[in-house]
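> generate coordinates for the sequence data below:
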Amino acid sequence: MLYPLFILAALAYGATTFLYGTNSSTSAPGSPSSSGIRERSQRAGDIALAVAGLLHTACVGAQCVEGDHPFASVFLVVSFAALSAVLGYYVLAVVRRRTIPALGAILAPIGLIGLVLGVLFGDPVGDRLPATTMLAKSHIGLATAGIALLTLAAGVAGVYLAMERRLRQKIFRPRPGGISLLGLDRMHHRLILLVTPVLTLALVTGVLWILQLGGPEMLGPRWVELAAGGLAWLASVTLLVTRAAFGMRGRQAAGLTIVALLSVVVLLSYYGVRG
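Purely as a prediction, here's the structure:
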């Protein structure tokens, strides 16, 4: 049952990317026909992404039935975090009462990558995470939530950078009901307000877990994990501190968020290669 669901979910993610990308026509930019085609393709993309998210959820459920729960291996964690980011897109849409198709276009390939990693490499034979204690489960759960929230924040940052660049080049015309740069900046800040405490708790529980496994001497061999996780945490804290103290926002804040996500990607890649 897992593989038919996987194929359908992968096709749905692919269709989502195609539909979000089909937002232009041969009509002149800004014409009624061009705007209508864009609106229909973006609406269809939102529906396709929702279908893909539901099918991805079914895949995770099928893996749980087989005994491979979302915290069993690093690849399953990545899959669940990517799915959570996709579902978070609709939470943001409910809060805002309108979707952000550009963000959906970013999350669709991320969801597909997570799905593929979780299904093709998710069988936890050699890389099973030893989440046998409450501390270990808390760390993995917090880390998963942090990755999902940071992915959303980085996606919003990416939309901000793209929109800001197009506005500077005067090739973008704001549409009624669309989100502004100020709105994106506020959304990004609120996501970082959620990311920072989650990453803080994930980092603390991770260090405590390492100490529980083998004492202080275990910290040295795990310097890559600590450095990457610490850099992601430091970036999120820096975003809050510099915004409060110096008013930093905009491109600088967006770029720092992407650096934080890249640090997490390095950490997950290290886990995957080591496993």
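> please enumerate the strands of the stretch 151-275 of the chain.
Here the stretch 151-275 of the chain has no strands by DSSP state E, counting those that start in this stretch.
> helices of that one, start to end?
Ranges of helices within the stretch 151-275 of the chain are 181-214, 223-246, 251-274, based on DSSP state H, counting those that start in this stretch.
> for Gly250, give me its contacts.
With contact set as Cβ atoms under 8 Å, 6 or more residues apart in numbering, Gly250 has these partners: Tyr160, Glu164, Leu181, Asp185. Glycine gets a C-beta too; all of them are placed from N, C-alpha and C.
> picking that back up, of the helices of the stretch 151-275 of the chain, which is nearest Val60?
Closest to Val60 of the helices of the stretch 151-275 of the chain, according to Cβ to Cβ: helix 251-274, at 17.4 Å.
> by neighbour count, which bits of that closest one are buried? Give me those.
Buried residues in helix 251-274, counting neighbours by 16 or more other Cβ atoms under 10 Å, are found at 253-254, 256-261, 263-268, 270-271.
> out of those residues, flag the one nearest to Gly67.
The nearest one, if we look at the buried residues of helix 251-274 relative to Gly67 and count by Cβ to Cβ, is Tyr271, at 20.6 Å.
> what's Pro70 sitting at in phi/psi?
Taking degrees, to the nearest 10, you get phi -60, psi -20 for the backbone angles of Pro70.
> not counting its neighbours along the chain, what's nearest it?
Excluding its sequence neighbours, the residue lying closest to Pro70 (Cβ to Cβ, 6 or more residues apart in numbering) is Phe80, at 3.8 Å.
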